[in-house]
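Asks: I need the structure of the sequence given here:
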Amino acid sequence: MENGKIRTKLLATLGPATSSYEVIRSMIQEGADAFRINFSHGSHEEAGQLIGLTRKAEADTGNSVPIIADLQGPTVRLGEFKQFDVVKGKRYEVSEGGEIPLDSDVFYRLVEVGDTVIIDGGRLWARVEGKSGNTVFISFIVEGELGSKKTVAIQGKEYPLNSPTEKDLDDLKFAAGAGMDGVAMSFVKTSEDIEKLRSVMADLGSGMFIVAKIETISAVNNITGIIGATDYVLVARGDLGSHFPMVKIPELERNIIRQSMNYGKPAIVATQLLDSMINNPIPTRAEITDVFMAVSMGADALMVSGETAVGRYPIEVIKWLRDIAKEGELYSRARPKVEGLDVYDKFAEGVANLGELIGGRLVAMTSTGKTPQRLARFRPKCDIIAVCQDQRIAKKIQLTWGVKPVIIQQEKNEQAIIDKLKSMSLIATGDKIVMTRSLRQGVTDAIRIIEV
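Replies: Residues are numbered from 1 along each chain as shown. Predicted coordinates:
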């Protein structure tokens, strides 16, 4: 890739630690490809400020940087209280006005004595010792810090709540009006959830791409339909760990990535990638291994949350992700085995093979983004330059492995496109180009070899 840039994409969460122009710009310069704003926290005003700072940094660096709105979804969260340290084995009352405040009828209906309650995405675990109506008594299995508004899950159980919520719809309306580029849907259960979200966005006149967060039992059981309906799949390991045994998470991660690749949809891996870097400038060896393995499994993108949103070293986090991903890509030299290919997928595989065979670069002309994403599935060693007609498509495919989107509007002449790519320093005299395009929308079926 140009200037030694890695092919794995990096997605960073914005928050209080990254609420300055200088930090956002530095993260872009160090390799951040996109940003996420978590609507579980903060106000629309704060989100608007982050969007404005990102757009300025985007313009000043000349980088195309999509911004994704992460909807809260139908979660159960603790109420407001003063943060305190819980004691292992001590009995605490959970109720609407209790020591640990929680106002959620669905939680009290579902929870039973003997259940394991998981708080804050797995940071705290507790056992249910007693229950009386909407009062539950728990004892913590581990010690730690407990704060307001943390998520509450019951291991092995799923809340019967639907998406999107009223809050989600309000946040979605804001995101569309603010010109955000993508939306991440939390607690997806079926493909119908994605279709409902698309319908709402259509009514808003928004073309944001959709990231389906896989974090429920239902989502895992309905993964094929969800992959078919969404634009991206996100392996949300935190909430998956609330529903499945923790030791099963690596297997789930691998299977979701593999199925996403089979169906031609990019996969993002998230949650606690470099969690220790919230407070430390250097990750642990285990975290480095975890990120390395995610890359070698075939993840298109890596997403960090608290590491950049509230952590002390957000720029260093991006540097470490970049360096670990680079090593992971060097290790992952074998072509992935992709199943379920149709004739156009096989054509794209042939194009990728040809590009490698002649030591060339792949230039994919695209109006929908499908052609470069087809090529990326086969992880070619040559560059993939996606020539897009508009910014919306360029940003839609930005998080696809190895794809460099560029915008060349209203130009179909191949030589003129080559000249423009030369002027952007993306290709040079003497390069061999394998140019591919769709003669019909949604397919990959035309090819030409050009020596620059």
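
Asks: beta partners for the most centrally placed residue in the chain?
Replies: A centroid search over the chain (CA atoms, centre = their mean) returns Ile268, at 4.3 Å, as the residue closest to the centre. The partner list for Ile268 in beta bridges (DSSP bridges) reads Leu234, Ala301.

Asks: so it sits against Tyr232, correct?
Replies: Yes - counting by CB atoms under 8 Å, a contact exists between Ile268 and Tyr232, whose distance comes to 6.0 Å. C-betas here are computed from N, CA, C, even on glycine.

Asks: show me whatever sits in contact with both of those two.
Replies: 211, 300-301, 399 (CB atoms under 8 Å, 6 or more residues apart in numbering).

Asks: and Thr224, which helix or strand is it part of?
Replies: Taking DSSP states H and E as the definition, Thr224 sits inside helix 223-229.

Asks: re earlier: got a markdown table for the shared contacts of Ile268 and Tyr232, with pLDDT too?
Replies: As requested, the shared contacts of Ile268 and Tyr232 are arranged in a markdown table below (pLDDT from 0 to 100):
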| residue | pLDDT |
| --- | --- |
| Val211 | 98 |
| Asp300 | 97 |
| Ala301 | 98 |
| Leu399 | 98 |
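
Asks: hmm, back to that, off-centre distance for the helix holding Thr224?
Replies: Centroid separation between helix 223-229 and its chain, computed with CA atoms, centre = their mean, to the nearest Å, is 16 Å.

Asks: listing request: residues of the stretch 351-452 of the chain with sub-threshold pLDDT.
Replies: The model of the stretch 351-452 of the chain has pLDDT under 70 over residues 411, 439, 441-444.

Asks: can you give me the strands in it?
Replies: Taking DSSP state E, counting those that start in this stretch as the criterion, the stretch 351-452 of the chain carries its strands at 361-366, 384-388, 403-407, 432-437, 446-451.

Asks: give me the distance from stretch 235-243 to the chain's centre.
Replies: Using CA atoms, centre = their mean, the offset of stretch 235-243 from its chain centre is 14 Å.

Asks: dump the strands of the stretch 351-452 of the chain to a markdown table, plus distance to Lys157 and mean neighbour count.
Replies: As requested, these are arranged in a markdown table below (distance: least, CB to CB, whole Å; neighbours: other CB atoms under 10 Å):
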| stretch | distance to Lys157 | mean neighbour count |
| --- | --- | --- |
| strand 361-366 | 43 | 26 |
| strand 384-388 | 43 | 25 |
| strand 403-407 | 39 | 21 |
| strand 432-437 | 48 | 22 |
| strand 446-451 | 51 | 13 |
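
Asks: of these, which is nearest Lys131?
Replies: The closest of the strands of the stretch 351-452 of the chain to Lys131 is strand 403-407. By CB to CB, the value is 51.5 Å.

Asks: relative to strand 384-388, how tilted is the closest one?
Replies: Going by axes from the mean of the first three to the mean of the last three CA atoms, to 10 degrees, strand 403-407 is angled at 30 degrees with respect to strand 384-388.

Asks: what's strand 403-407 packed up against?
Replies: With contacts defined as 3 or more CB pairs under 8 Å, 6 or more residues apart in numbering; DSSP states H and E, strand 403-407 has these neighbours: helix 370-376, strand 384-388, helix 391-396.

Asks: contacts only, for Leu240.
Replies: With contact set as CB under 8 Å, 6+ apart, Leu240 has these partners: 214-215, 220, 249, 252.

Asks: now with 6 Å?
Replies: Counting by CB atoms under 6 Å, 6 or more residues apart in numbering, Leu240 touches 215, 249, 252.

Asks: next one: Met424
Replies: Listed by CB under 6 Å, 6+ apart, Met424 has no contact partners.

Asks: for the residue nearest to the centre of the chain, give me the pLDDT.
Replies: Ile268 carries a pLDDT value of 98.

Asks: shouldn't it be in contact with Met303?
Replies: Yes - under the contact definition of CB atoms under 6 Å, Ile268 touches Met303, with a separation of 5.3 Å.

Asks: tell me which element Leu321 is part of?
Replies: Here Leu321, judged by DSSP H and E, is contained in helix 314-331.

Asks: just Val152 next, same as before
Replies: Of the helices and strands defined by DSSP H and E, Val152 is found in strand 152-154.

Asks: give me the residues contacting that strand.
Replies: Among residues not part of strand 152-154, those counted as contacts by CB under 6 Å, 6+ apart are 76, 110-111, 115, 117-119, 242.

Asks: can you check stretch 276-285 too?
Replies: The contact list for stretch 276-285 (CB under 6 Å, 6+ apart) reads 274, 306-307, 311, 313, 316-317, 320.

Asks: what about 10 Å?
Replies: Counting by CB atoms under 10 Å, 6 or more residues apart in numbering, the neighbours of stretch 276-285 from elsewhere in the structure are 17, 272-275, 286-291, 304-314, 316-317, 320-321, 324.

Asks: and those residues, which of them are buried?
Replies: Burial by neighbour count, 16 or more other CB atoms under 10 Å: within the contacts of stretch 276-285 this picks out 17, 272-275, 287-288, 290-291, 304-309, 311, 313-314, 316-317, 320-321, 324.

Asks: give the residue farthest from the middle of this protein.
Replies: Each residue of the chain has a distance to the centre, and by CA atoms, centre = their mean the biggest one is for Ser132: 40.0 Å.

Asks: correct me if wrong: it contacts Ser95.
Replies: Yes - with contact defined as CB atoms under 10 Å, Ser132 reaches Ser95; the gap is 9.2 Å.

Asks: count of residues packed around Ala47?
Replies: Here the count is done by other CB atoms under 10 Å, and Ala47 has 22 residues near it.

Asks: ah, wrong one, I meant Phe292
Replies: Counted by other CB under 10 Å, the residues lying close to Phe292 total 17.

Asks: how about it, what does it touch?
Replies: For Phe292, the contact set (CB under 10 Å, 6+ apart) comprises 324-325, 327-329, 331-332.

Asks: how about a cut-off of 8 Å?
Replies: Contacts for Phe292 were tallied using CB under 8 Å, 6+ apart; they are 324, 327-328, 331.

Asks: buried ones in the strand ranked longest in the chain, by neighbour count?
Replies: With DSSP state E applied, the strand covering the greatest number of residues in the chain is identified as strand 124-132. Neighbour-count burial for strand 124-132, counted by 16+ other CB under 10 Å, picks out 124-126, 128, 131.

Asks: the helix or strand where Glu22 lies: which residues count as buried?
Replies: Assigning secondary structure by DSSP H and E places Glu22 in helix 21-30. In terms of neighbour count (16+ other CB under 10 Å), helix 21-30 has its buried residues at 23-28, 30.

Asks: quick one: mean pLDDT for that helix?
Replies: Across helix 21-30, pLDDT averages out at 98.

Asks: helices or strands up against the following helix or strand past it?
Replies: Scanning the chain past helix 21-30 towards its C-terminal end, the next helix or strand to appear is strand 34-38 (assignment: DSSP H and E). Under the contact criterion of 3+ CB pairs under 8 Å, 6+ apart, the helices and strands touching strand 34-38 comprise strand 9-14, helix 44-61, strand 67-70.
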